[in-house]
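Enquirer: My questions are about this predicted structure, shown below with the sequence.
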Amino acid sequence: MSQLGTSQLGEERLGARPPRDQDGRLGRFNLGRVQLGETTPIAVREALASSATATSKQSAIASLTAGAESTTATGTPQQSSIASIVRSAITTSAAATPAEAFRYFRDWEIDGMTVETVTKDGTKRAELTAKRLSLSFEVTRDNLDYWRQYDRTGDLSITTGYGGSFDVVDRAGRAGAVEAVPPTDYQPPFDRADYYVNSYEESQLAADRFEISLTLQRTENRETSFQMADEAGEDWLLEFGVATVALENEQVRRSSAGGSRTGMRVTLPLMLTDDQAAAVAESAAYPDAVVERSVPDGEDFVEDTSGGNQTVTITPPASAEMDTGDYAIQSWRLSFGRFGEARWSVELELREMKS
């Protein structure tokens, strides 16, 4: 393979040979300066090599990202992931020091162990909520004993404080939580975080093949890890506490609604981009903040005790069945929905907030 030399371009050093991940697909991103190895896709290296200043290199990366994203609707999963890899390095660099290394993760890593969550169609089996992460992956019989250490789980004590904050203690006395690191092309919307294993299931697929399903309990509320979306100009507008998301009509599936003594309950299914899905996950990290208030001889209501973190102001188009207004986000669920730019299936469970 032809490769660029070791010419110095500002802070970037191209053509280096950093330690590879076990699949050999990328070298590493070194946050604060982008350090790309010889196995980096050529398009990435050429885009950076064509710019001699930090400003022009940022423009080149932005151009590359936009070009990669333009192929996601029809491209292969491998082509579609280039934009996510580059954007992930750029997005996280703002909060990282130059000394912090960022390496490519081809799949989920649980407590230092890489697992195989990839399905036949190229997706990765993972579902996320404000509190939990669910993963399914396959292992061989040789690795089964390692994962069976988690078969006696679930003895967790979860304490909820005012405003929706929570704290988790493992009463079984295990040494500590495990770190779950998402694959690079899933960052955002997934973040790396500490979890306790809350449930363990296994099933045999073949003589030497097993499927493991884990439910992981986040140890504390999620904090902002990625740059928040600030969008406008589409059919739907969703204004969260720390982000604004603008959606086309085709990104909003048919909602369902029902009444209660405290107002309407609405289920709103969405198809979101990486940044839009991250806006939901990082804005609505305090589901226990949504509480019902009873009023003797009055009208009961729903309150967001987090100071607005769990509230979204929705402005739909005139043709929508949903009313404009403030809604408390009681819960949400995120999983892979389809290939393309808006690839994340996100379902919001909303409670009408009366003015």
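Expert: Received it, and whenever you're ready, just let me know what you need.

Enquirer: I'd like to know the phi and psi angles of the residue nearest to S294 when sequence neighbours are not counted, please.
Expert: Closest residue to S294 apart from its sequence neighbours, by Cβ to Cβ, 6 or more residues apart in numbering: D300 at 5.2 Å. To be clear about C-beta, it is placed using only N, CA and C from the backbone, and glycine gets the same treatment. Dihedral angles of D300 (phi, psi; degrees, to the nearest 10) stand at phi -70, psi 160.

Enquirer: quick one: D300 from K354, how far?
Expert: Per Cβ to Cβ, to the nearest Å, D300 is found 9 Å from K354.

Enquirer: swap in L216?
Expert: From L216 over to K354 the distance is 36 Å, taken as Cβ to Cβ.

Enquirer: next one: L214
Expert: Separation of L214 from K354 (Cβ to Cβ): 40 Å.

Enquirer: Who has more neighbours out of these two?
Expert: In terms of neighbours (other Cβ atoms under 10 Å), L214 is the more surrounded of L214 and K354; the figures are 24 against 13.

Enquirer: In terms of secondary structure, what does whichever strand or helix holds L133 contact?
Expert: L133 is part of strand 132-140, with elements assigned from DSSP states H and E. Applying 3 or more Cβ pairs under 8 Å, 6 or more residues apart in numbering; DSSP states H and E, one finds that strand 132-140 contacts strand 126-128, strand 193-206, strand 209-218.

Enquirer: residue boundaries of the strands in the stretch 51-200 of the chain?
Expert: 101-103, 109-110, 113-114, 126-128, 132-140, 156-160, 166-170, 178-181, 193-206 (DSSP state E, counting those that start in this stretch).

Enquirer: can you redo those as TSV with mean pLDDT?
Expert: Putting the strands of the stretch 51-200 of the chain into TSV (pLDDT from 0 to 100) gives the following:
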stretch	mean pLDDT
strand 101-103	57
strand 109-110	93
strand 113-114	90
strand 126-128	95
strand 132-140	93
strand 156-160	76
strand 166-170	76
strand 178-181	93
strand 193-206	91
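
Enquirer: Specify the stretch among the ones you listed that is closest to D323.
Expert: The closest of these to D323 is strand 126-128. By Cβ to Cβ, the value is 28.3 Å.

Enquirer: List the pairing partners of the closest one within its sheet, with orientation.
Expert: Take DSSP bridges as the rule and strand 126-128 pairs in its sheet with strand 132-140 (antiparallel), strand 325-336 (antiparallel).

Enquirer: hmm, back to that, A257 versus the residue nearest to S294, what's the distance?
Expert: 18 Å.

Enquirer: what residues are up against the residue lying closest to T114 once chain neighbours are set aside?
Expert: Nearest non-adjacent residue to T114, counting by Cβ to Cβ, 6+ apart: D107, 5.8 Å away. Residues near D107 by Cβ atoms under 8 Å, 6 or more residues apart in numbering: T114, V115, E116, T117, V118, K124, P183.

Enquirer: Look up how far T305 lies from D107.
Expert: From D107 across to T305, the span is 38 Å (Cβ to Cβ).

Enquirer: Pull out the buried positions in the strand holding L133.
Expert: For strand 132-140, burial by neighbour count (16 or more other Cβ atoms under 10 Å) applies to L133, S134, L135, S136, F137, E138, V139.

Enquirer: One more: stretch 211-229?
Expert: 212, 214-219, 221-222, 225-229.

Enquirer: repeat for stretch 324-340
Expert: Buried residues in stretch 324-340, counted by 16+ other Cβ under 10 Å: 325-337, 339.

Enquirer: Rounded mean pLDDT for it, please.
Expert: Stretch 324-340 carries an average pLDDT of 94.

Enquirer: residue ranges for the helices of the stretch 201-350 of the chain, please.
Expert: Remark: helices assigned in the stretch 201-350 of the chain by DSSP state H, counting those that start in this stretch are 274-283.

Enquirer: where exactly do the strands run in it?
Expert: Remark: strands assigned in the stretch 201-350 of the chain by DSSP E, counting those that start in this stretch are 209-218, 236-239, 244-247, 256-258, 265-272, 290-293, 301-304, 311-315, 325-336, 344-352.

Enquirer: Flag whichever of the ones you listed has the least confidence on average.
Expert: strand 256-258 (a mean of 80).

Enquirer: ok, that one: who's next to it in the sheet?
Expert: Assessed with DSSP bridges, strand 256-258 is paired to strand 265-272 (antiparallel).

Enquirer: What residues sit buried inside the partner strand?
Expert: Within strand 265-272, the residues that qualify as buried are R265, V266, L268, P269, L270, M271, L272, counting by 16+ other Cβ under 10 Å.

Enquirer: that older thread, of all the strands paired with strand 126-128, which one comes closest to D191?
Expert: strand 132-140 (9.9 Å).
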